[in-house]
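> The sequence and its predicted three-dimensional model are supplied below.
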Amino acid sequence: MHIVHSNINPQKPEPVKVEKPKPLTRQQQFAREMAYAGFKRACKKYAKEIAEVQEYFPGWMPQFE
């Protein structure tokens, strides 16, 4: 009986509140830019290995973070 009742009177889910992320400080922004620059250098350095992985997994790319 509960199944029938819940289908007749569906309950609305509570809305999820999503907070906006706080802006990064200058120091955090600089650290993030340096990390991304290092990531790009590593991708360039290991481009051959990345290409070999992509033979088995087409479209695969290393993730930043």
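Arrived safely, thanks for sending.

> contacts and neighbour counts: CA atoms only from here.
Will do.

> Please enumerate the helices of the protein.
In the chain, the helices defined using DSSP state H lie at 2-8, 26-45, 47-56.

> pretty sure residue 50 contacts residue 59?
No. Between residue 50 and residue 59 there is no contact under Cα atoms under 8 Å: 10.3 Å.

> So if I had to pick from these two, which one is more boxed in?
Using other Cα atoms under 10 Å as the criterion, residue 50 and residue 59 rank with residue 50 on top: 16 against 9.

> Spit out the contact partners of that one.
Residues near residue 50 by Cα atoms under 8 Å, 6 or more residues apart in numbering: 43, 61, 62.

> Put the alpha carbons of stretch 32-51 into PDB.
Extracted C-alpha coordinates of stretch 32-51, given in PDB (Å, rounded to 0.1, in the frame of the first residue of the first chain):
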ATOM      1  CA  ARG A  32      47.500  27.600  -9.300                       C
ATOM      2  CA  GLU A  33      49.200  29.200 -12.400                       C
ATOM      3  CA  MET A  34      52.500  27.700 -11.400                       C
ATOM      4  CA  ALA A  35      51.000  24.300 -11.000                       C
ATOM      5  CA  TYR A  36      49.300  24.500 -14.400                       C
ATOM      6  CA  ALA A  37      52.500  25.600 -16.000                       C
ATOM      7  CA  GLY A  38      54.200  22.600 -14.500                       C
ATOM      8  CA  PHE A  39      51.400  20.400 -15.700                       C
ATOM      9  CA  LYS A  40      51.800  21.700 -19.300                       C
ATOM     10  CA  ARG A  41      55.600  21.100 -19.100                       C
ATOM     11  CA  ALA A  42      55.100  17.600 -17.900                       C
ATOM     12  CA  CYS A  43      52.600  16.900 -20.700                       C
ATOM     13  CA  LYS A  44      55.100  18.200 -23.300                       C
ATOM     14  CA  LYS A  45      57.900  16.200 -21.700                       C
ATOM     15  CA  TYR A  46      55.900  13.000 -21.800                       C
ATOM     16  CA  ALA A  47      54.100  13.600 -25.100                       C
ATOM     17  CA  LYS A  48      55.500  10.300 -26.500                       C
ATOM     18  CA  GLU A  49      54.200   8.300 -23.500                       C
ATOM     19  CA  ILE A  50      50.800  10.000 -23.700                       C
ATOM     20  CA  ALA A  51      50.600   9.100 -27.400                       C
END
